[in-house]
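Peer 1: show me how the following folds:
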Amino acid sequence: MRRDFIITLIVVLAIIFGVGHYYPFVLWSLVLVVPLSLIGLYDFFQTKHAIRRNFPLIGNLRYFFELIRPEINQYFVESNTDGAPFSREERSIVYQRAKKSMDTLPFGTQKNVYDVGYEWVNHSLHPKHVDPKSLRVTFGGPQCSKPYSASILNISAMSFGALSKNAVMALNKGAAMGNFAHNTGEGGLTKYHQQGGDVVWQIGTGYFGCRTLEGTFCPDQFKEKAAYEHVKMIEIKLSQGAKPGHGGILPAAKITPEIAEIRNVPMDQDVLSPPAHSAFSTPKGLLEFVKQLRELSEGKPVGFKLCIGKRREFIAICKAIVSTGIYPDFITVDGGEGGTGAAPLEYSNHIGTPLVPALVFVHNVLMGFGIRDKIKIISSGKIASAFGIIKQLCLGADACNSARAMMMALGCIQALRCNNNTCPVGVTTQNPILVAGLVVSDKKVRVANYHEETIDSVADMIGTMGIEKTEDLRQWHVMRRIGPNEVKHYGEIYEYIHEGDLLKDENLPATFERAFKAAVADSFSHLEDISGRH
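Peer 2: Next up is the predicted model:
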């Protein structure tokens, strides 16, 4: 093939020059032929890519089609119910609600309602009217002096750096218009997060925005920024679903001088947050940190976010809560299917408990320790529709966070370019030319619209179920087909334990006994490792 390319090139050039001698206009073809010939010759002599070396010029088509593969899938291959992480149908409902265009479906569902895994809620013959504005939840336990009334749907953690400044501003302004909250992500509280919307300030392992030169937590910086009026809650990030135990990743290509200054990091290398906090190392230490942040913020709600991994570690945290008497105001449960701007493939695919079993587990453990009424649960991970919200509330959540759906409200087309700074719609890039395409004044309205329309749909749906408030949603309200001829509700699929069941010295629930006995409030390690027994 390589020899054939050289022979073909010589023959083509000979023909062009031969015919051009009699018909000079033919020589204009050299404008195209010469560059292609040079590319082919480069491919012929380069040694890095075998396919281009063996198939000069033509071999480049492989890389071209690979480059546009996501677009080919989206526009020519996928059906309405295909596509990952979000199907075309899921993306379309976000776009339609963001634009307040038609969001109805013609001709009936395109889902196979007899497939294993199909889910639904049952309606009532006595439906209720539910005011969407009533669908709010108050955060702030017994030790919080500044409780916050939040929407049941808020913007999940996304940092400036992972997102463009225009995207962050549009999200915050949209949150202000719709009266819901905007989580800063671990990248720090920036001026772009302070556009009038309520803010949940996330403190990650890198302590960006409240960080000493050595990279440790700085109480003075935290206290100053936590006093800002629009900072309503504080969230300590222990781990996130897409890459639990890894720490945040901001590729060097997305670091600008402004981001480097905000985070106090160098520009010429990836920013990798530490996998663990330096401010504490034990369950009791975590609770002491919660107490410290609550005091420094003068009583604002403080909680933490985690993806469930080893069950005994979360049980150890709950043992620490009971023994110290320090209550976090909320716990955000992030599912292993959660999104991120950049993560190793193995982490996204194979580490972290998916959201449903994680949420049920957290709810159960808090119930088992008799502290569920003092701590709110936020569910986070691939939530985009009213049904998705209702399902999480039924399984044990008090409120939900959404990241990727909010990005789609901004105009994200699921191009899967988040990690290389080439997002075509200016959402997840720092390229100023691409960022300029995202017009804040337009996109903020779409974010607010999407939130409003989705909450309206939640109100309609729970009213149809005969329920007047989200606090009355229970696990038996969601049905799931688990076999061709078998249907169960989630209360039958998962075990739900009773309040105080984990405070009993005897007769612990069998599915919790092993993890419970291995957990200690003073350490995240296994009890046998601490005591020296193996």
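
Peer 1: so for the helix or strand that contains Ser323, mean pLDDT?
Peer 2: Taking DSSP states H and E as the criterion, Ser323 maps to helix 311-324. For helix 311-324, mean pLDDT rounds to 96.

Peer 1: please renumber so the chain begins at 74
Peer 2: Sounds good: first residue 74 from here, last item helix 384-397.

Peer 1: against which helices or strands is it packed?
Peer 2: Other helices and strands packing on helix 384-397, by 3 or more CB pairs under 8 Å, 6 or more residues apart in numbering; DSSP states H and E, are helix 356-369, helix 428-441, helix 583-591. Just so you know, the C-beta spots here come from the backbone N, C-alpha and C atoms, and that holds for glycine as well.

Peer 1: how about the first one: buried residues?
Peer 2: Of the residues in helix 356-369, those scored as buried under the neighbour-count criterion (16 or more other CB atoms under 10 Å) are 356-367, 369.

Peer 1: got the contact list for the helix or strand just after the helix holding Ser396?
Peer 2: Using DSSP H and E, the next helix or strand after helix 384-397 towards the C-terminus is strand 403-407. By CB atoms under 8 Å, 6 or more residues apart in numbering, the residues outside strand 403-407 that reach it are 212, 306, 308, 312-314, 317, 374, 376-381, 425, 428, 431-432, 435, 439, 448-454, 470-471, 474.

Peer 1: mind checking the longest helix of the protein?
Peer 2: helix 513-537 (DSSP state H).

Peer 1: just checking, which helix or strand succeeds it along the chain?
Peer 2: Counting by DSSP H and E, what follows helix 513-537 is strand 551-556.

Peer 1: buried stuff in that next one?
Peer 2: Those would be 551-554, for strand 551-556 by 16+ other CB under 10 Å.

Peer 1: what domains does the record give for the chain?
Peer 2: Listed by automatic domain parsing, the domain ranges of the chain are 75-140, 149-187, 205-566.

Peer 1: redo the helices and strands packed on helix 384-397 as CSV? Include distance to Tyr567.
Peer 2: Output for these, formatted as CSV (distance: least, CB to CB, whole Å):
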stretch, distance to Tyr567
helix 356-369, 25
helix 428-441, 5
helix 583-591, 10
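
Peer 1: neighbours of Phe90, how many?
Peer 2: 12 (other CB atoms under 10 Å).

Peer 1: what's the helix or strand for it?
Peer 2: For Phe90, the element it lies in under DSSP H and E is helix 75-95.

Peer 1: show residues contacting stretch 573-590.
Peer 2: 383-385, 388, 391, 395, 437-438, 440-443, 568, 570, 600.

Peer 1: now do the same end-to-end measure for that stretch.
Peer 2: 16 Å (CA to CA, to the nearest Å).

Peer 1: can you check stretch 335-350 too?
Peer 2: OK, stretch 335-350 end separation, CA to CA: 19 Å.

Peer 1: which parts of it are buried?
Peer 2: 335-336, 338, 344, 346, 350.

Peer 1: one more: stretch 286-296?
Peer 2: Buried-residue list, stretch 286-296, by 16+ other CB under 10 Å: 288, 290-291, 295.

Peer 1: possible to save the buried residues of helix 356-369 as JSON lines with distance to Ser421 and pLDDT?
Peer 2: JSON lines is the format used below for the buried residues of helix 356-369 (distance: CB to CB, whole Å; pLDDT from 0 to 100):
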{"residue": "Pro356", "distance to Ser421": "27", "pLDDT": "96"}
{"residue": "Lys357", "distance to Ser421": "32", "pLDDT": "97"}
{"residue": "Gly358", "distance to Ser421": "29", "pLDDT": "97"}
{"residue": "Leu359", "distance to Ser421": "26", "pLDDT": "97"}
{"residue": "Leu360", "distance to Ser421": "30", "pLDDT": "98"}
{"residue": "Glu361", "distance to Ser421": "32", "pLDDT": "97"}
{"residue": "Phe362", "distance to Ser421": "28", "pLDDT": "98"}
{"residue": "Val363", "distance to Ser421": "29", "pLDDT": "98"}
{"residue": "Lys364", "distance to Ser421": "34", "pLDDT": "97"}
{"residue": "Gln365", "distance to Ser421": "33", "pLDDT": "98"}
{"residue": "Leu366", "distance to Ser421": "29", "pLDDT": "98"}
{"residue": "Arg367", "distance to Ser421": "33", "pLDDT": "97"}
{"residue": "Leu369", "distance to Ser421": "34", "pLDDT": "98"}
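
Peer 1: let me have those in TSV, extended by distance to Arg125.
Peer 2: Rendered in TSV, the data for the buried residues of helix 356-369 read as follows (distance: CB to CB, whole Å):
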residue	distance to Arg125
Pro356	55
Lys357	59
Gly358	55
Leu359	53
Leu360	58
Glu361	59
Phe362	54
Val363	56
Lys364	61
Gln365	58
Leu366	55
Arg367	60
Leu369	58
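
Peer 1: follow-up on the earlier one: just the contacts of strand 403-407: which are in helices?
Peer 2: Filtering the contacts of strand 403-407 for helices - DSSP H - leaves 428, 431-432, 435, 439.

Peer 1: closest to Ser207 out of those residues?
Peer 2: Using CB to CB, Leu432 comes nearest to Ser207 of the ones in helices among the contacts of strand 403-407, at 23.3 Å.

Peer 1: you'd agree the closest one is up against Ala470?
Peer 2: Yes. Leu432 lies in contact with Ala470 (CB atoms under 8 Å); the separation is 6.0 Å.

Peer 1: need the residues touching each of these two.
Peer 2: 406, 450, 452.

Peer 1: helices or strands next to whichever helix or strand Ala482 is part of in the packing?
Peer 2: Using DSSP H and E, Ala482 falls within helix 477-483. Applying 3+ CB pairs under 8 Å, 6+ apart, one finds that helix 477-483 contacts helix 161-172, helix 238-251, helix 513-537.

Peer 1: so which of the ones you listed is the most surrounded?
Peer 2: Among the helices and strands packed on helix 477-483, ranked by average contacts under mean count of other CB atoms under 10 Å, first place goes to helix 238-251 (a mean of 25).

Peer 1: pLDDT of that one, averaged?
Peer 2: Here the average pLDDT along helix 238-251 is 96.

Peer 1: following that helix, which helix or strand shows up next?
Peer 2: Following helix 238-251 in sequence, per DSSP H and E, is strand 254-256.

Peer 1: okay, now the sheet partners of the helix or strand that that next one is followed by, with direction.
Peer 2: The helix or strand immediately downstream of strand 254-256 is strand 271-276, counting by DSSP H and E. Here strand 271-276 has these sheet partners by DSSP bridges: strand 254-256 (parallel), strand 304-310 (parallel).
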